[in-house]
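Q: The amino acid sequence is not available; the structure is as follows:
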Ligand code: SF4
């Protein structure tokens with residue numbers, strides 16, 4: 001039994017002018033204990049909405065989420081409270097998620113108090129331990145969010161996420177707002193914490209290099225669907241879906257870009273916008289932007305196809321070089 005199992009999940013919401021956005025369209029995935037799964041795609045592809053839906057922070061229209069063999073979407077009261085303790089979020093912008101009028105010690109202690117963990121003195125001790133765990137001076141507990149750098153604030157965000165001893169963490173673009181040198185420090189911290197605590201991560205990111213460094217497996221999301229899923233080495237060595245190939249070919253790392261192009265990707269960065277009403281589009285949702293699209297792609301939604309062991313691609317021509 002996987003730690004987290006999602007089957008055929010759908011998330012829709014109304015945008016301006018009553019337009020319906022199909023943010024997540026029939027997503028299925030699993031995350032094992034202690035595993036780090038990357039979820040990549042362009043802005044607007046639905047990856048953050050999926051992360052929010054898993055944590056019950058976005059309404060789900062259909063599908064199933066099972067966590068530790070519990071049906072997450074039917075949890076209420078105490079059971080939902082416990083689920084929130086076991087699964088946490090690390091945000092892209094920790095500053096936005098911290099109350100500027102609360103010291104960071106009080107912000108972390110608040111999580112413990114809400115869950116009635118320990119008495120006042122025990123909670124204060126726990127806050128100091130958590131700050132030390134994430135590489136901050138425990139005396140910083142008395143300081144306020146504006147007194148910290150971006151990297152330090154993200155350490156506070158991580159400490160807060162860990163306060164309740166979760167087993168699963170959704171990390172939503174946790175380093176994208178940080179300088180490159182600080183990014184590496186935060187990623188290393190997250191890796192160390194994962195090993196020490198057996199954490200499972202769903203690592204939401206648009207930066208493929210970050211995902212390659214952090215993750216065991218990668219899911220590529222486009223227009224609300226998972227279009228490719230593979231182990232990290234297989235995905236970077238042999239991207240099968242034209243969208244993944246285009247993302248890799250656009251990576252600044254020349255070597256990886258060349259490898260993606262050798263697998264059949266065109267050199268250009270994928271053009272156009274991610275469609276938000278993918279179900280309304282006949283055929284493959286990627287066909288308006290795919291330089292390999294044929295008549296079949298415009299008429300028929302591709303099924304999942306095996307592109308290798310543990311490697312799935314949702315393309316009619318998975319893994320094949322498609323001639324122009
Ligand atoms: Fe491109 Fe067709 Fe594959 Fe879709 S099914 S990714 S349009 S080749």
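A: Yep, it's here. Everything quoted here is computed from the prediction, not taken from an experiment.

Q: any idea which helix or strand of this protein has the worst average confidence?
A: Least confident helix or strand of the chain, by mean pLDDT, DSSP states H and E, is helix 254-262 with a mean of 52.

Q: Provide a list of residue ranges in the protein with pLDDT below threshold.
A: Applying pLDDT under 70 to the chain flags the ranges 252-280, 321-324.

Q: The ligand contacts on that one?
A: 241-242, 284, 286-287, 290, 292-293, 297, 302, 315-317, 322 (Cβ under 6 Å from any ligand atom). Every residue, glycine included, has its C-beta placed from N, CA and C.

Q: buried subset of those?
A: By neighbour count, with 16 or more other Cβ atoms under 10 Å, the residues of the chain next to the ligand hold 241-242, 284, 286-287, 290, 292-293, 297, 302, 315-317 as buried.

Q: Buried residues in stretch 117-125, which are they?
A: For stretch 117-125, the buried set under the neighbour-count rule, 16+ other Cβ under 10 Å, comprises 117, 123, 124.

Q: hmm, I was thinking of stretch 83-100
A: 83-85, 87-95, 97-98.

Q: Tell me where the stretch 1-150 of the chain has strands.
A: Counting by DSSP state E, counting those that start in this stretch, the stretch 1-150 of the chain has strands at residues 4-14, 20-31, 36-40, 62-67, 70-71, 87-90.

Q: next one: the first one to chain centre, how far?
A: How far strand 4-14 lies from its chain's middle: 14 Å, per Cα atoms, centre = their mean, to the nearest Å.

Q: If you count contacts, what does it end up packed against?
A: Helices and strands touching strand 4-14, by 3 or more Cβ pairs under 8 Å, 6 or more residues apart in numbering; DSSP states H and E, are strand 20-31, helix 47-54, strand 62-67.

Q: Direction included, what does that strand pair up with?
A: strand 20-31 (antiparallel), strand 62-67 (antiparallel) (DSSP bridges).

Q: Residue most distant from the centroid, the protein?
A: residue 121 (35.4 Å; Cα atoms, centre = their mean).

Q: what about the residue of the stretch 1-150 of the chain found nearest the ligand, neighbour count?
A: Going by Cβ to the nearest ligand atom, the ligand is nearest to residue 41 of the stretch 1-150 of the chain, at 13.8 Å. When neighbours are defined as other Cβ atoms under 10 Å, residue 41 has 26 of them.

Q: I figured it hits residue 221, correct?
A: Yes: proximity of residue 41 to residue 221 meets the contact threshold set by Cβ atoms under 8 Å, at 3.9 Å.

Q: show me where the stretch 201-324 of the chain has strands.
A: For the stretch 201-324 of the chain, applying DSSP E, counting those that start in this stretch gives strands covering 217-222, 225-231, 305-308, 311-313.

Q: Please convert those strands to TSV, extending it with mean neighbour count and distance to residue 46.
A: As requested, the strands of the stretch 201-324 of the chain are exported to TSV (neighbours: other Cβ atoms under 10 Å; distance: least, Cβ to Cβ, whole Å):
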stretch	mean neighbour count	distance to residue 46
strand 217-222	26	6
strand 225-231	25	8
strand 305-308	17	21
strand 311-313	23	17
